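>>> The following block contains a protein sequence and its predicted model.
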Amino acid sequence: MNERIITDPNLCSGKPVIRGTRIMVRNILGLVAGGYTVERILQTYPELTKEDVSAALEYAAHLVGEEQIYTHA
């Protein structure tokens with residue numbers, strides 16, 4: 001979907017990561033869910049850029065947008 005997020009079966013069990021790192025998209029999402037700001041995420045992972053964090057969020061938004069939700073009656 002974007003050039004900053006990759007999946008590789010030999011890296012983190014194929015989970016989406018930021019290119020050039022072993023930082024999984026889900027780690028970034030967990031920090032956001034925990035109330036971290038982008039600046040705090042960058043302090044926690046200094047190898048990331050703002051663009052990397054944005055790419056992780058965009059990736060997750062895309063996946064949720066593609067998800068089919070079934071309700072139980």
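Okay, I see it.

>>> Let me see the ranges of the helices in the protein.
Here the chain has its helices, by DSSP state H, at 25-33, 38-44, 50-66.

>>> Spell out for me which residue occupies the centre of this structure.
Val25 (2.3 Å; CA atoms, centre = their mean).

>>> Could you report the separation of it from Thr71?
Here the criterion is CB to CB, to the nearest Å. By it, Val25 lies 27 Å from Thr71. The way it works is simple: take the backbone N, C-alpha and C, and place the C-beta from them, glycine included.

>>> I'd like to know which of the helices of the chain has the weakest mean confidence.
Ranked by mean pLDDT, the helices of the chain bottom out at helix 50-66, which scores a mean of 92.

>>> and the angle from it to helix 25-33?
100 degrees (axes from the mean of the first three to the mean of the last three CA atoms, to 10 degrees).

>>> Run the chain-centre distance for helix 50-66.
Put simply, helix 50-66 sits 6 Å off its chain's centre (CA atoms, centre = their mean, to the nearest Å).

>>> So which bits of that helix are buried?
By 16 or more other CB atoms under 10 Å, the buried positions in helix 50-66 come out as 52-53, 55-56, 59-60.

>>> so which of those residues would you say is closest to Gly35?
Top of the list for closeness to Gly35, among the buried residues of helix 50-66 and by CB to CB, is Val53 at 14.4 Å.

>>> Relative to Leu63, how far out is that closest one?
Looking at Val53 against Leu63, where the rule is CB to CB, the gap reads 16 Å.

>>> now do Pro46
26 Å.

>>> got it, and Tyr45?
According to CB to CB, Tyr45 stands 21 Å off from Leu63.
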